[in-house]
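A.B. asks: Any chance you could fold what I've pasted below:
(2 chains)
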Amino acid sequence: MKSKFYITTPIYYVNASPHIGHSYTTIAADTIARFMRKALKEGNVLFLTGTDEHGQKIQKAADEAGLSAQEFVDKVVVQFRNLWKTLNISYDDFIRTTQDRHIRTVQKALQMLYDKKEIYSAEYQGWYCTPCEIFWTETQLTDSLCPDCRRPLEKISEVNYFFKISAYQDWLFNHIKNNPCFIQPASRQEEILSFLKMNTLTDLCISRPRQRLSWGIPVPFSKEHVTYVWFDALINYISAVGEFDDKGNYVSGWWGDDTRIVHMIGKDILRQHTVYWPIMLKALGIRMPDTVCAHGWWLIDAAKMSKSRGNVVNPLEVVDKYGVDVYRYFLLKDVPFGLDGNFSEEAIVKRFNSDLANDLGNLLYRTLTMIEKYYQGVIPSPRDGAHDERIKNIASCITSLSREVEDALAKATFNFSLALEKIWEPINMANKYVEEAKPWNLAKENKKEELEAFIRILVDVIRQVGNALSPFMPQTASLIEEQIGRDKISKGRPLFPRIENKR
RNA sequence: CGCGGGGUGGAGCAGCCUGGUAGCUCAUUAGGCUCAUAACCUAAAGGUCGAGAGUUCAAAUCUCUCCCCCGCAACCA
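C.D. replies: Here you go, the predicted model:
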């Protein structure tokens, strides 16, 4: 295992408020970051998130809001930061593409690629919709009308800058083929490989004329142009953690061979991250990230969530109603990572009641009650040599738990739901064991040693589970710690009171 | 003949690569228990594994054909 770990979310486009999808990616990355902080030494994990603040859509949204672009993004970025706070996101750095450190690096990268002749200028043809102020390429059109407003388009041609990504097609194909961890899950790797096999890459247009779009990073070798948003955006992963030196070498404490680099993304931006980005890095002479992990989408009532459909779920409302950790748990558990999931409040309530209230919450609560009842709230000290077969089984289950969670979580597949299933194994075993051990009889018959051994194993299970759960549900983990982490218990209200009569 | 993903008990999924009693969670039903949040434990019912053909001693699993659903312009997790 590499000694350092660097994980990123995409930088989110701030043309509108954050929704469930943004929160999903970020919670997933946060969980991994928290897990890795426990696995590696302190200070060896860097978790980066941020915002993408340039481009036409933002310019337009700002205009509509009657604000300057900068004022507009300053306003929206606050919403993202607040949401991350609410969701207990432990990011170490937050990059904005309007920050100096980023602009500097983007311009340097552009200049280097230009000097290396990786970027060239060419005439670019397309159709322009004057009322919308949007430029459309041939491939974006189905007829001669503006896809947005259905008005006639005007054919224009202009000079733009292009990045020679076509030259790297074979290299990229082989890189992906030879590094099965590079694109995860495997089905996504196949998707990209077949895309590369079936298509010839066309050079990427990385500029926009300034007269049409002023809200962007100026291209250093042309006063007439700003940088295309995707080229701008992808660079954030390196601009946040390093700089180019005078010789054009990228220098960073988080991009060396001792660091495992992971980009967590949604499946919608797979191509940018597995085609454009590696080629940009390659052309700049920078090493590849280890893994680009693409998760699925949350569907709302089986339909794609979109701003135009108006079915966007606001994470804050869900958190208000059910709690942060319930939300985090639901997203990470309800769907195998990588696939699309269906979001609904019914599904949350179901998960809440069965996993959190009935299994975990109830185990803690019934255990606390027994400690209160049989030991006046003082947790009996550990005893060696429990000879009961069932206790041994449970003990070995919690001993291997951290390894199993690591297997599920530290590998490139990032199997959150499997990890949580593993954590629930001892919970279920413990609940079952209560039935078998019949502590109420042990108490009546005054079998002290057996009762103690019984209580101890429950306490051990709960503590281990709380510990294993901390990357997923940090707040819950500390509540468990608070209630049963010390010599004397501190019984509170049930962690997850069942939600009743929902329909 | 465009590409890819999918179609498995009521719901959601695993199994398919490396054929050999079809499994998990939830829901349902019956019973048990009382430490506990009407919770927990046990048991049962429920599937011709989209359709058809083929290979095989044996197919959810391999091959072929067909049907149905989803995605494949852009913005977007």
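
A.B. asks: quick one: contacts for the closest residue to A:I235 other than its chain neighbours?
C.D. replies: Distance criterion C-beta to C-beta, 6 or more residues apart in numbering; nearest residue to A:I235, sequence neighbours excluded, is A:V106 at 4.9 Å. Just so you know, the C-beta spots here come from the backbone N, C-alpha and C atoms, and that holds for glycine as well. Neighbouring residues of A:V106 by C-beta atoms under 8 Å, 6 or more residues apart in numbering: A:T97, A:I217, A:T227, A:F231, A:D232, A:I235, A:S239.

A.B. asks: Tell me how far A:V106 lies from A:G253.
C.D. replies: 20 Å (C-beta to C-beta, to the nearest Å).

A.B. asks: With A:W171 instead?
C.D. replies: Noted for A:W171: a distance of 27 Å to A:G253, by C-beta to C-beta.

A.B. asks: A:L339 and A:P471, how far apart?
C.D. replies: 21 Å.

A.B. asks: For the two, indicate the residue with more neighbours.
C.D. replies: A:P471 (25 against 13; other C-beta atoms under 10 Å).

A.B. asks: Against A:W255, how distant is that one?
C.D. replies: 24 Å.

A.B. asks: In contact with the residue sitting furthest away from the middle of chain A: list those residues for me.
C.D. replies: Most distant from the centre of chain A: A:E445, at 52.7 Å, with distances by C-alpha atoms, centre = their mean. With contact set as C-beta under 8 Å, 6+ apart, A:E445 has no partners.

A.B. asks: and what of A:N15?
C.D. replies: A:G55, A:K57, A:I58, A:K60, A:A61, A:V76.

A.B. asks: Mark which of those are buried, thanks.
C.D. replies: Taking 16 or more other C-beta atoms under 10 Å as the criterion, what is buried in the contacts of A:N15 is A:G55, A:I58, A:K60, A:A61, A:V76.

A.B. asks: Enumerate the positions of stretch A:170-181 that are buried.
C.D. replies: Neighbour-count burial for stretch A:170-181 [16+ other C-beta under 10 Å]: A:L172, A:H175, A:I176, A:C181.

A.B. asks: Turn those residues into TSV, columns for distance to RNA strand B.
C.D. replies: Converted to TSV, those look like this (distance: C-beta to the nearest atom of the strand, whole Å):
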residue	distance to RNA strand B
A:L172	17
A:H175	20
A:I176	15
A:C181	16
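
A.B. asks: and of the residues you listed, the nearest to A:V45?
C.D. replies: A:C181 (18.5 Å; C-beta to C-beta).

A.B. asks: Surely the closest one is in contact with A:T291?
C.D. replies: Yes - counting by C-beta atoms under 8 Å, A:C181 does reach A:T291; the two are 5.2 Å apart.

A.B. asks: quick one: common contacting residues for these two?
C.D. replies: A:A412.

A.B. asks: For whichever residue of the stretch 201-350 of chain A sits closest to RNA strand B, list each beta-bridge partner.
C.D. replies: As assessed by C-beta to the nearest atom of the strand, RNA strand B sits closest to A:G266 within the stretch 201-350 of chain A, at 1.5 Å. Here A:G266 sits in beta bridges with A:H295, as judged by DSSP bridges.

A.B. asks: That one is in contact with A:V292, isn't it?
C.D. replies: No - between A:G266 and A:V292 there is no contact under C-beta under 8 Å: 11.2 Å.

A.B. asks: which one of those two has more residues nearby?
C.D. replies: More crowded of A:G266 and A:V292, by other C-beta under 10 Å: A:V292, with 28 against 19.

A.B. asks: And what about the more buried one, helix, strand or coil?
C.D. replies: In three-state terms, and counting by DSSP: H, G, I helix; E, B strand; the rest coil, A:V292 is strand.

A.B. asks: what sits against it?
C.D. replies: Applying C-beta under 8 Å, 6+ apart, we find A:V292 in contact with A:F182, A:I183, A:Q184, A:V262, A:H263, A:I265, A:L270, A:H273, A:T274, A:W277.

A.B. asks: go on, A:N393?
C.D. replies: Contacts of A:N393 (C-beta under 8 Å, 6+ apart): A:M429.

A.B. asks: Could you tell me what pLDDT the model assigned to the residue of the stretch 201-350 of chain A closest to RNA strand B?
C.D. replies: Looking at A:G266, its pLDDT reads 89.

A.B. asks: Next one: it from A:A347, what distance?
C.D. replies: For A:G266, the distance to A:A347 - C-beta to C-beta - is 20 Å.

A.B. asks: all strands of the stretch 151-300 of chain A, in order?
C.D. replies: Ranges of strands within the stretch 151-300 of chain A are A:154-163, A:183-184, A:204-205, A:207-209, A:225-227, A:242-244, A:250-252, A:259-266, A:291-295, A:298-300, based on DSSP state E, counting those that start in this stretch.

A.B. asks: Provide the contact partners of the longest one at residue level.
C.D. replies: Read it as strand A:154-163. Residues from elsewhere that reach strand A:154-163 (C-beta under 8 Å, 6+ apart): A:113-114, A:118-130, A:135, A:203-209, A:219, A:222, A:224-225, A:231, A:279-280, A:283.

A.B. asks: how about it: buried residues?
C.D. replies: A:E158, A:N160, A:Y161, A:F162, A:F163.

A.B. asks: distance of the first one from RNA strand B?
C.D. replies: To tie it back to what came earlier, the one meant is A:E158. 18 Å (C-beta to the nearest atom of the strand, to the nearest Å).

A.B. asks: thinking again about what came up before, I'd like the strands of the stretch 151-300 of chain A laid out as TSV, including distance to A:S68.
C.D. replies: Output for the strands of the stretch 151-300 of chain A, formatted as TSV (distance: least, C-beta to C-beta, whole Å):
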stretch	distance to A:S68
strand A:154-163	25
strand A:183-184	39
strand A:204-205	26
strand A:207-209	19
strand A:225-227	16
strand A:242-244	29
strand A:250-252	33
strand A:259-266	30
strand A:291-295	34
strand A:298-300	33
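
A.B. asks: sorry, back to before: overlap between the buried ones among the contacts of A:N15 and the residues near RNA strand B?
C.D. replies: The subset of the buried ones among the contacts of A:N15 within reach of RNA strand B, by C-beta under 7 Å from any atom of the strand, is A:G55.

A.B. asks: Let's see which of the buried ones among the contacts of A:N15 end up in helices.
C.D. replies: Judged by DSSP state H, the buried ones among the contacts of A:N15 include A:I58, A:K60, A:A61, A:V76 as members of helices.

A.B. asks: How about the third one: what's its closest non-neighbour residue?
C.D. replies: Spelled out, that is A:A61. A:N15 (4.6 Å).

A.B. asks: In three-state terms, label that neighbour for me.
C.D. replies: Strictly by three-state DSSP, A:N15 counts as coil.

A.B. asks: A:I7 too?
C.D. replies: Classified using three-state DSSP, A:I7 is strand.

A.B. asks: Identify the bridge partners of the residue lying closest to it once chain neighbours are set aside.
C.D. replies: Using C-beta to C-beta, 6+ apart and skipping the chain neighbours, the partner closest in space to A:I7 is A:V262 (4.7 Å). For A:V262, the beta-bridge partners under DSSP bridges are A:I7, A:T291.

A.B. asks: If you tally nearby residues, what's the number for A:V262?
C.D. replies: Counted with other C-beta under 10 Å, residues neighbouring A:V262 total 22.

A.B. asks: mind listing what it touches?
C.D. replies: So A:V262 contacts A:F5, A:Y6, A:I7, A:T8, A:I32, A:P289, A:D290, A:T291, A:V292, A:C293, A:A412 (C-beta under 8 Å, 6+ apart).
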